[in-house]
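In: let me see the structure of the following:
(chains A and B)
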Amino acid sequence: MLFQRCLQLGWWLFALVLILPVLAGLLGMLLPAAGYFPALGYHSFSTVAIQALTVTPGLGKMVALSVSTALLSALLSLAGCIALLATFFQHRGLHRLQHLLSPVLVIPHAAAAIAVAFLLSPAGWLSRLVAPLFGWELPPAFSVLNDSAGLGMVLAFSLKELPFLLLVSLGILTQPALRHTLTRQVAVAQSLGYHPVTAFLKVVLPVLYPQLRLPLLAVLAYASASVEIPLILGPDNPPTLAVAILHWFNSVDLTDRLQASAGALLQVVTTVAVIALWLAGEWGLKSWFRHQITTGMRSTGRRGLPIVAGMTLAVFGVAMVTICASLILWSVATFWPYPSVLPNDITTIHWQLGLGQLSGPLANTLVLGAAVSLSAIVLVVLALEAGQSGRSPGFRLDSILFVPLIVPGIAFLYGLVWLAQLVAPKAVWIPVYLSHLVYVMPYVFLSVAVAYRQFDTRYLQVAASLGSRPFRVFYRIRLPMLFAPLMVAFALGLAISFSQYLPTLLAGGGQLATLTTEAVAISAGNSRRLAAVYVIMQMILPLAGFILAWWLPTLLFNPMTRRRG
Amino acid sequence: MSLKSSLGAWCLLVMISASQAQEVQFHAWGGSVQVNQYIQWLSKQASQELGISVNHVKLADTSDAVSRVLAEKAAGNTRQGSVDLIWLNGENFAAMKQHGLLHKGWVSGLTHFKLTNPAQNPGMTMDFGVPTDEQEAPWGKAALVFYYNQAHINQPPHTATELLDFARQHPGRFTYPLPVDYLGSSFLKYIAITQAGPWQSLLYAPVTDEARDKITERLFAYLDQLHPYLWHQGQQFKRQASGLQQLFSDHQTLLSFTFTAAEVPAAVSRYDLPASTRTYAMQDGSLSNVHFVAIAFNSAHKAQAIKLVNFMLSVPAQAYKQRADIWGDETVLDVSLLSGEQQALFVPITAAPSALPAGAYHKMLAEPHASWTEALKAAWFDRYQRHH
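Out: Numbering: from 1, shown residues only, chains lettered A, B, ... in the order given. Take a look at the predicted model:
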């Protein structure tokens, strides 16, 4: 009975952790936005905050920038994803592609942004390579970095989101039942003379897209409201709305907080508008697409899509290779005068300096990541187990999973900090821990849920029929058999926790330095070489987690060694 | 099993938060490698000699700490503040003083404060024209110096007027940070002072509407000519001073400026600036100021913070800070008051070619009254329609 109670409790905790901080934070944002801010002497509701916001110069541009970059980057990554899937759907290369792209998924956004900045900088590698062609002795005076249209941002978002969409799609397409049906339908289509690419577009895509919609909306919401990439790659004047809000919240002038809260409200509206625009576009294209499916054309997209897929792979490959190579070079470079392709000499002083400063932040990052990831797994497993044993209340968990992913962090995190100040002004770790948990849990849930769905429940039935109590079945059968996927989920949780910038910065009041907060601070600083060291560390850490996750289960549960023992 | 380990992690978390509460939280801008290393040295010394542990909270912007203390006061937190010591001056000090956010009446009690000779050096008790009133203690001195890339520039500009000619000859190779940044507003002040002509004295009194109009008319006449020749035609500005150094490092700009002259040779020795970098001071004057440390009104560790500040003003700590290979920040102590042995600690070691030569300063320009920072900033944003 105790076990059942625990399951129920776990389920409720899981739901509360997902929803409560977001709701509380939104409340903490809404009150000041409505002009109620007693600490500043505003005791009644008014439009003072809204007015302060509306007179901000360049507000329209900020919103437009957030909307256009979000839509464009989502569109680009979706197009790349569909082109790759269509071209390689029945190809063995698809799984190789999956292995190639998954490391990109775990690179923190901040690290990706800094890395792209390295590449696209007027003094970066690309520029040095083409300098002889144009006779440049000094870097060009123009740049796509921090450009007012935000193109650098779009590139970074697309590079980061494409692997996410692709891996989610593969997750959907490899569900055994679906895969079986689709493979047969595609075979039928091909026997009717449809080109494989066209068959994918007309048979698989209509099934895939509706399931891809929610992750896609999360991508849109993230791109329209996150701060890491715009802070590093976006324009400064005006920046995106989210970055402007960040500046207002940090302003010396405390009354700017009213404007910031109203801005956060506008951010929610903007994000909703981005999603609405996307859905409207989807609706507009629907009838055209329906018509296309039934035209009987056998070779739609046959030429174009493989070209797009090839280009996507080329851009991706070139970007990844040059980014890694230039990061490594910068991290060991001595003087590196402009058009030289290689530095004058190499040195280890940047690594010595960087590693010397990193020990504190590294310890914080690891302790926090491990604590958050472990708690997330415990809650997720309890919640899933409760769901399986019919102990959960009526509604499905999937519906609330995306709440923290779709509500802009910048909108609710400040409200959360404000409330945390009232409750426990000295606490640093607990608020950071909670705010990380909000972001880690959805991903851990998605990752573990797949394993639960694929679990052969007959093992459990056999164990139960042999007289084992539910707890014993769970502890002796379910957990050991799920060890490998749980380890992967743990590594995923670590990676998500490592990558959190805004939650760490805000909830910790800047007192808790992690690898990511330090890297963003350093990238705005004066040493490109030191920044390279930090970014490499940021990339290595989550990868090390995944390598351990793949390797430990074979070590601990290797049937060969077990038999011998 | 997983429940047990998660309990363990919780205990660890609680322990760490508890131990953190006993440290002096020193909130100081963290964008400079040298400063960070010096503060690291400082905290090591403090724990060895005073038994005080110091945590450097690296700020991207000092105003972050100011707004945190403000928020704590707003939330009624008067005893358990998260900010103990804060490194600041000028506008941030004026704001904190005005809102009653600082601990008062502790500076004259410092045994080492006498060594700054405050009776003879008004700069030790006056911060951007605002009396310090024992709410902050001086820590160091700095002046605005320029640096250029000798490999591409033979003759750098020596006055604000020559700077205009330089910009025309080398379009896109110079810029200044947005005035939200400390260095950005300092550049505006340098131009305002040198261009003010007969109105210069207005800058040393609290700003009035009339004074602002007179000063900004000449300032904007200058900037209007300069902007088309700036990096990105003056359409984009770096938000932070450190971004300026990175542009120079990338050879995108060929002329730049800083408040910490010693940062230049140190950055060259780390390969972050080209070996051909040379530092100099402008002939028409170098804007100079003192920077301070203050204690938040709600700090829970005031006694430890005061002890720490006294140590920061000691001869060894100040001499170490002034060493060009450490930070190179000029001491606030009046060296003539020290013994011969102590004075020897402040004699510079042979300078690198990229360092500011001895005796390079032509003329020091005092900081305008603190109210001008906000006034110039606001006028600048108004005129150039930027967001802030």
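In: A helix includes A:Phe335, no?
Out: No: if the criterion is DSSP: H, G, I helix; E, B strand; the rest coil, then A:Phe335 is coil and not within a helix.
In: tell me how many other residues crowd it.
Out: Neighbours of A:Phe335 under the rule other Cβ atoms under 10 Å in any protein chain shown: 16. All C-beta atoms are positioned from the backbone trio N, CA, C, and that covers glycine.
In: and it, how far is that from A:Leu23?
Out: Noted for A:Phe335: a distance of 54 Å to A:Leu23, by Cβ to Cβ, to the nearest Å.
In: now swap in B:Thr258 and tell me
Out: Applying Cβ to Cβ to B:Thr258 and A:Leu23 gives a distance of 47 Å.
In: how close does B:Trp231 get to A:Ser399?
Out: In this view, B:Trp231 and A:Ser399 are 50 Å apart by Cβ to Cβ.
In: looking at these two, which is more packed in?
Out: Comparing B:Trp231 with A:Ser399 by other Cβ under 10 Å, the one with more neighbours is B:Trp231, at 22 against 9.
In: I'd say the more buried one and B:Leu247 touch.
Out: Yes: assessed by Cβ atoms under 8 Å, B:Trp231 is found in contact with B:Leu247 at 6.7 Å.
In: which neighbours do those two have in common?
Out: Contact criterion Cβ atoms under 8 Å, 6 or more residues apart in numbering or on different chains; residues shared by B:Trp231 and B:Leu247: B:175, B:253.
In: which ones are touching B:Asp133?
Out: B:Asp133 is in contact with B:97, B:104, counting by Cβ under 8 Å, 6+ apart.
In: for A:Arg476, that is, sorry about that
Out: Here A:Arg476 is in contact with A:463, A:468 (criterion: Cβ under 8 Å, 6+ apart).
In: mind checking which of B:Thr258 and A:Leu23 has more residues around it?
Out: Shown here are B:Thr258 and A:Leu23; by other Cβ under 10 Å, B:Thr258 has more neighbours (25 against 15).
In: where does the stretch 151-300 of chain B dip in pLDDT?
Out: Of all residues in the stretch 151-300 of chain B, none has pLDDT under 70.
In: what's the longest strand in chain B?
Out: The longest strand of chain B (DSSP state E) is strand B:286-295.
In: who does that strand pair up with?
Out: strand B:85-88 (antiparallel), strand B:136-143 (antiparallel), strand B:364-366 (parallel) (DSSP bridges).
In: a markdown table please, covering those and showing mean neighbour count and mean pLDDT.
Out: Listed next are the strands paired with strand B:286-295 as a markdown table, based on neighbours: other Cβ atoms under 10 Å in any protein chain shown; pLDDT from 0 to 100:
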| stretch | mean neighbour count | mean pLDDT |
| --- | --- | --- |
| strand B:85-88 | 26 | 96 |
| strand B:136-143 | 23 | 93 |
| strand B:364-366 | 17 | 88 |
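In: can I get these in JSON lines including distance to B:Leu313?
Out: Converted to JSON lines, these look like this (distance: least, Cβ to Cβ, whole Å):
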{"stretch": "strand B:85-88", "distance to B:Leu313": "13"}
{"stretch": "strand B:136-143", "distance to B:Leu313": "7"}
{"stretch": "strand B:364-366", "distance to B:Leu313": "22"}
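In: and A:Val168, which of these is closest to it?
Out: Among the strands paired with strand B:286-295, the nearest to A:Val168 by Cβ to Cβ is strand B:85-88 (46.0 Å).
In: could you point out which element follows the closest one?
Out: Next helix or strand after strand B:85-88 toward the C-terminus (DSSP states H and E): helix B:90-98.
In: ok, A:Thr271 - how many residues close by?
Out: Close neighbours of A:Thr271, defined as other Cβ under 10 Å, add up to 27.
In: how about it, secondary structure?
Out: For A:Thr271, the secondary structure call by three-state DSSP comes out as helix.
In: picking up where we left off before, and the angle from the longest strand of chain B to helix B:90-98?
Out: 30 degrees (axes from the mean of the first three to the mean of the last three Cα atoms, to 10 degrees).
In: name the residues of strand B:286-295 that are buried.
Out: Under the neighbour-count criterion of 16 or more other Cβ atoms under 10 Å in any protein chain shown, strand B:286-295 has B:286-295 buried.
In: could you give the mean pLDDT of the helix or strand following that strand?
Out: Elements were assigned by DSSP H and E; along the chain past strand B:286-295, the next helix or strand is helix B:302-312. Averaging pLDDT along helix B:302-312 gives 95.
In: just stretch A:190-208 next, same as before
Out: Averaged across stretch A:190-208, pLDDT comes to 90.
In: end to end on that stretch, go ahead and measure it.
Out: 19 Å (Cα to Cα, to the nearest Å).
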